[in-house]
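1. can't give you the sequence, but here's the structure:
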Ligand SMILES: Nc1nc2c(ncn2[C@@H]2O[C@H](COP(=O)(O)OP(=O)(O)OP(=O)(O)O)[C@@H](O)[C@H]2O)c(=O)[nH]1
């Protein structure tokens with residue numbers, strides 16, 4: 001069983017006044033675009049359909065991690081799902097994405113947690129399935145895009161070891177998103193493996209209004 005966890009507790013400072021998690025992307029709130037891909041409902045919910053979904057959920061339930069003050073707007077943006085959706089709030093805001101992953105892993109009902117940032121509206125469900133397979137005998141499966149960059153906000157973790165590793169890092173005062181990994185038995189999914197299952201588009205994220213506009217044009221192309 002796998003929990004799909006969407007991390008959304010950031011301040012969206014590069015985006016301006018609004019919360020990018022709920023910003024409409026070609027007519028649908030961005031966080032819902034992400035959830036639709038995890039839940040396999042993209043084709044039926046998104047106007048015009050979404051080529052990345054074949055209708056099968058790649059997770060068994062959804063979890064959204066955010067700040068308390070975001071919750072009402074995010075719940076409204078998410079709408080209804082055939083899967084259970086739970087909300088886990090940051091107990092202390094602004095500790096960064098790693099703290100968000102920590103809360104998601106602590107709150108997840110399942111042993112495997114497929115983490116995706118709320119600003120990755122092109123997340124490829126087949127990559128998440130592959131990461132779950134790779135995590136079968138490990139505590140995490142993390143894409144490595146190049147020598148320097150681990151994609152920790154589109155990765156699969158074992159809930160308890162990852163939450164514990166995050167707690168240890170936070171207790172040391174280390175908020176770096178990579179830090180808990182070094183405390184885990186993790187599998188690196190390298191460039192060649194990534195190329196065989198997905199495209200770089202899965203990792204595209206939206207930080208600014210310009211990037212939102214570009215992403216919306218892509219969604220319209222798909223439709
Ligand atoms: N729970 C939680 N999530 C966070 C936090 N900071 C960032 N995130 C999430 O981590 C992911 C990656 O963060 P960024 O792309 O930097 O997003 P952001 O911090 O909202 O954006 P900027 O303020 O423009 O840097 C996004 O899904 C954010 O919502 C935090 O303090 N708590």
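-> Noted; the coordinates are in hand. Given the structure is predicted, the values throughout are model-derived calculations rather than measurements. Numbering: from 1, shown residues only.
2. what parts of the protein come near the ligand?
-> Residues of the chain found near the ligand, taking CB under 6 Å from any ligand atom as the criterion, are 7-15, 65, 90, 94-97, 99-100, 117-119, 153, 205, 207. Using the backbone N, CA and C atoms, a C-beta is placed for each residue, glycine as well.
3. can we see that at 5 Å?
-> When proximity is defined as CB under 5 Å from any ligand atom, the chain approaches the ligand at 7-14, 65, 90, 94, 96-97, 100, 117-118.
4. and the strands in the chain, which stretches?
-> 2-7, 24-25, 28-29, 61-66, 85-89, 112-117, 140-143, 154-158, 186-189 (DSSP state E).
5. now these in CSV, with mean pLDDT and distance to residue 179?
-> As requested, these are arranged in CSV below (pLDDT from 0 to 100; distance: least, CB to CB, whole Å):
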stretch, mean pLDDT, distance to residue 179
strand 2-7, 98, 16
strand 24-25, 95, 31
strand 28-29, 94, 31
strand 61-66, 98, 18
strand 85-89, 98, 21
strand 112-117, 98, 15
strand 140-143, 98, 13
strand 154-158, 98, 13
strand 186-189, 97, 12
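6. who wins for neighbours among the residues of the chain next to the ligand?
-> residue 118 (33 neighbours; other CB atoms under 10 Å).
7. correct me, but residue 204 touches residue 122?
-> Yes: using CB atoms under 8 Å, residue 204 is in contact with residue 122, at 5.2 Å.
8. looking at the two, which one has more neighbours?
-> A direct count of neighbours by other CB under 10 Å for residue 204 and residue 122 places residue 122 higher, at 22 against 16.
9. next one: that one from residue 3, what distance?
-> 21 Å (CB to CB, to the nearest Å).
10. where are the low-confidence patches of this protein?
-> 42-55, 221-223 (pLDDT under 70).
11. can you list the strands of the chain in TSV and add distance to residue 195?
-> Formatted as TSV, the strands of the chain follow (distance: least, CB to CB, whole Å):
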stretch	distance to residue 195
strand 2-7	23
strand 24-25	26
strand 28-29	29
strand 61-66	28
strand 85-89	32
strand 112-117	20
strand 140-143	11
strand 154-158	15
strand 186-189	11
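12. what segments of the protein are helices?
-> Using DSSP state H, the helices of the chain run over residues 30-39, 42-45, 71-78, 97-107, 125-134, 159-171, 191-197, 209-222.
13. distance to residue 84 added to those helices, as TSV?
-> Compiled in TSV, the helices of the chain are given as follows (distance: least, CB to CB, whole Å):
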stretch	distance to residue 84
helix 30-39	10
helix 42-45	17
helix 71-78	12
helix 97-107	12
helix 125-134	18
helix 159-171	16
helix 191-197	27
helix 209-222	27
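14. single out the most deeply packed of those helices.
-> Among the helices of the chain, ranked by average contacts under mean count of other CB atoms under 10 Å, first place goes to helix 30-39 (a mean of 26).
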